[in-house]
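> Have a look at this prediction, sequence included:
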Amino acid sequence: MYTSTGFISWLLRRISGVALVLYLFTHLWVIGAANSGTQVFNARLDAVQTPIFKLFEIALLAAVVYHALDGIRLLLIHYFDLTEYRKTLFWAVFIASAILTLAGGIAILAIMLNGG
Amino acid sequence: MSNNDIQRTVTVRIQRFNPDVDKKPHMQDYQVKMWPGMTILDALHEIKTHQDGSVTYRRSCRHGICGSCAMHINGRNTLACKTPIINEVQKNDTVTIGPLPYLPVIKDMVVDRTSFWEQYLRVKPWLLPPNDIPEKEFRMSQEEVDALHDAEACIMCGACYSSCAVIGLNKKYLGPHALLKAFLRVLDPRDTAPAERLEIVSQADGVARCHTIFNCIDACPKGLNPTQAIETLRKLAQKRQKYEEARRERQKHLNEPIPS
Amino acid sequence: MLTFKIQRWSAIALLFFLTVHMIFMHYVPPFHITFDVVQARLSTPTWKIIDILFLFSVLVHAMAGSYQVITDFESAFNYRKALAWASIIIVILAFIYGAKTIWAFQL
């Protein structure tokens, strides 16, 4: 195993990517309840909007935010030849996704506690 | 370096594997007294000559140009001959040395590099010069030389290849060393077949399989940048026919003096 | 190289669609989503188009990504043609299912 910031970013990208693919198909199935009518849809949607799922949503947000920012980092490297700044970019992505996850997570908790 | 450091004894922890006896590799410690300017390779010589003749490793020139002694030192791939041991001594007075990762170990630090050379040959690493060879010399402008980013300095040591996580998973990937060489040939104004080369590297096992992990840059003992070379190849592969036409136009003026 | 390009272009599309989706679905009231809420939003054709395009790009990105992850393993790399077709079929089936769902909110 050859560990480095690049390796860690690649591993996190893969893990969050696979998790998001699994989430995507679950999400499609949940929303797909609309095909069976209003009652079924509302029942299934109520089931996935309980507090426990809100906490899962924070983990989901972390995966989405990291995957997106890491993707932006890669696009920047592809199109602007930034290989010399690889370590700075890695830490920038890491810190930015931590801040965004925290901000978004607090918002989710606030909405949940207000009974939104 | 203080006087104390000169007298210091360090523990060199070497990964040992003898296929005749061992089922899997194990670590073995050796005590080595450092001298000023001692390299990792010097320490290995010291062990092999005075302590344990069975320690096996490849080395040849001792000047960082043959590429034989690439090893995994303290978790990083580098050349043993150009790494001063004093820089690698960890807090517990230990230096850990192992074979290049992701490659089959033959014995101790000697690895099987078959896949390395097979992938290398696939990109046709040799120059394909034009039929009409100038009488004296090929002329290149300074910009054309700069664009190569010293890629010709590659010594084929395998440090980048065996640091690549994709190689760890899939030996069918061309690898940073082969792609760097392809980059060198594609950008060389004397080469006649850039489109064919770009076609080879844009296959499923070529540039698209690089996941921009940057281990190759960090590993390269010559300070080269295979990742940037791969990025450039990706861009050129999009317009390979146009690029080849521009090359043919350029080769009409290969033996003329460079306009300054 | 084609997978690589598809991945990049769908990624750029997703950066837009996903930001819109996240803000309007989860950070703008009403926070509790029901059938009526979604129906009210999807009654405008712009939202319908946005959601259909979002669905397509996210499916393409997901399956191109899965294809890349799986074919990174040497054993799977040898079956990459079959895997590519499987990914395409999954994208088509999931797109039909998802588009049908978006349509269902009209009733």
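That came in fine, so what should we check first? Values in this document were obtained by computation on a predicted structure and should not be read as measured data.
> name the helices or strands packed onto the helix or strand where C:V58 lies?
Taking DSSP states H and E as the criterion, C:V58 maps to helix C:45-71. On a contact count with 3 or more CB pairs under 8 Å, 6 or more residues apart in numbering or on different chains; DSSP states H and E, helix C:45-71 meets helix A:5-31, helix C:2-26, helix C:35-42, helix C:80-104. Where C-beta positions appear, they are placed from N, C-alpha and C, glycine not excepted.
> how about the longest one against chain C, any contact?
Read that as helix A:5-31. Yes. Applying CB under 8 Å from any CB of the partner chain, one finds that helix A:5-31 is in contact with chain C at A:R14, A:G17, A:V18, A:L20, A:V21, A:L24, A:F25, A:L28, A:I31.
> Buried only: go through those residues for me.
A:R14, A:G17, A:V18, A:L20, A:V21, A:L24, A:L28, A:I31 (16 or more other CB atoms under 10 Å in any protein chain shown).
> Okay, the second one and chain B: tell me how far apart.
Using CB to the nearest CB, to the nearest Å, one gets 11 Å for the distance from A:G17 to chain B.
> That residue touches A:V64, doesn't it?
No. Assessed by CB atoms under 8 Å, A:G17 is found out of contact with A:V64, at 10.6 Å.
> Only alpha carbons, please: show stretch B:58-78 as CSV.
Extracted C-alpha coordinates of stretch B:58-78, given in CSV (Å, rounded to 0.1, in the frame of the first residue of the first chain):
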residue,chain,number,x,y,z
ARG,B,58,19.8,-4.8,-7.2
ARG,B,59,22.3,-2.0,-7.7
SER,B,60,24.7,-0.9,-10.4
CYS,B,61,26.0,2.6,-11.0
ARG,B,62,25.6,4.3,-7.5
HIS,B,63,25.1,7.6,-9.3
GLY,B,64,21.3,7.7,-9.6
ILE,B,65,21.3,7.1,-13.4
CYS,B,66,20.9,3.3,-13.9
GLY,B,67,17.6,2.9,-12.1
SER,B,68,18.4,-0.4,-10.5
CYS,B,69,18.2,0.4,-6.8
ALA,B,70,14.6,1.8,-6.6
MET,B,71,13.2,0.6,-3.3
HIS,B,72,10.4,1.3,-0.8
ILE,B,73,12.1,3.3,1.9
ASN,B,74,10.0,4.5,4.9
GLY,B,75,6.9,4.1,2.8
ARG,B,76,8.2,6.1,-0.2
ASN,B,77,9.7,4.8,-3.4
THR,B,78,13.1,6.2,-4.2
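> Compile the helices and strands packed on helix C:45-71 into a markdown table and extend it with columns for mean pLDDT.
Shown next, in a markdown table, are the helices and strands packed on helix C:45-71 (pLDDT from 0 to 100):
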| stretch | mean pLDDT |
| --- | --- |
| helix A:5-31 | 94 |
| helix C:2-26 | 91 |
| helix C:35-42 | 84 |
| helix C:80-104 | 93 |
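> Would you format those helices as CSV with distance to B:P125 included?
Output for the helices and strands packed on helix C:45-71, formatted as CSV (distance: least, CB to CB, whole Å):
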stretch, distance to B:P125
helix A:5-31, 26
helix C:2-26, 24
helix C:35-42, 57
helix C:80-104, 26
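> Around chain A, which positions in chain C sit nearby?
Residues of chain C lying close to chain A (CB under 8 Å from any CB) are C:8, C:11-12, C:14-15, C:18, C:22, C:26-27, C:29-35, C:38, C:58-59, C:62-63, C:65-66, C:69, C:94, C:97-98, C:100-101, C:104-105.
> Buried subset of the residues you listed as a PyMOL selection?
Filtering the residues of chain C next to chain A down to the buried ones (16+ other CB under 10 Å) takes a single PyMOL command:
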select buried, chain C and resi 8+11+14+15+18+22+31+33+35+38+58+59+62+63+65+66+69+94+97+98+101+104+105
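> Any residue of stretch C:72-90 touching chain B?
Yes. If you take CB under 8 Å from any CB as the test, stretch C:72-90 does meet chain B, through C:D72, C:F73, C:E74, C:F77, C:R80.
> tally of neighbours for the residue of chain C found nearest chain B?
As assessed by CB to the nearest CB, chain B sits closest to C:F4 within chain C, at 3.9 Å. Using other CB atoms under 10 Å in any protein chain shown, C:F4 is surrounded by 20 other residues.
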